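**Q** Show me how the following folds:
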Amino acid sequence: MKQEELPTKVDVQVTKLEYFAGEALRGLLANPNPNLKSEMVTEMAMVYAEGMMKEFEKRERDDENLRRIYGAPPKKDDR
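**A** The predicted structure follows:
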């Protein structure tokens, strides 16, 4: 029987939240804690991802406020 070839590339679009949750989950799983259940780990990943989203939204609002006040986008080094 000939083995099926598996795709080598996955073309999927994810939201920022999904991306951050995946990255948080990857980090959490890289250092496994036998005392944590899988439900707790996935919940923690979502909490971290939602925190990242809130921080990005805050920075976007701050940048928009600076644009309104000064008329030009702030330089990355000026933060």
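
**Q** Can you show me the strands along this structure?
**A** Secondary structure of the chain (DSSP state E): no strands located.

**Q** Tell me where it has helices.
**A** Using DSSP state H, the helices of the chain run over residues 16-30, 38-70.

**Q** Okay, buried residues for the shortest one please.
**A** Meaning helix 16-30. By 16 or more other C-beta atoms under 10 Å, the buried positions in helix 16-30 come out as Phe20, Ala21, Ala24, Leu25, Leu28. For the C-beta atoms, the positions are set from N, CA and C on the backbone; glycine is no exception.

**Q** contact partners of it?
**A** The set of residues that contact helix 16-30 without belonging to it, under C-beta atoms under 8 Å, 6 or more residues apart in numbering, is Val14, Val41, Thr42, Met44, Ala45, Met46, Tyr48, Ala49, Glu50, Met52, Met53, Phe56.

**Q** Drop anything exposed from the residues you listed.
**A** So, of the contacts of helix 16-30, Met44, Ala45, Tyr48, Ala49, Met52 end up buried under the neighbour-count rule (16+ other C-beta under 10 Å).

**Q** quick one: low-confidence parts of the chain?
**A** Residues of the chain that meet the criterion pLDDT under 70 lie in 1-2, 72-79.

**Q** Let's check: the centremost residue of it is which one?
**A** Computing the C-alpha centroid of the chain and ranking residues by C-alpha atoms, centre = their mean puts Phe20 first, at 1.5 Å.

**Q** so how far is Glu50 from that residue?
**A** The span separating Phe20 from Glu50 equals 8 Å under the rule C-beta to C-beta, to the nearest Å.

**Q** Same check on Glu5?
**A** According to C-beta to C-beta, Glu5 and Glu50 sit 38 Å apart.

**Q** And for Leu28?
**A** Here the distance between Leu28 and Glu50 works out to 15 Å (C-beta to C-beta).

**Q** what's the answer for Ile69, then?
**A** Computed as C-beta to C-beta, the Ile69 to Glu50 distance reads 29 Å.
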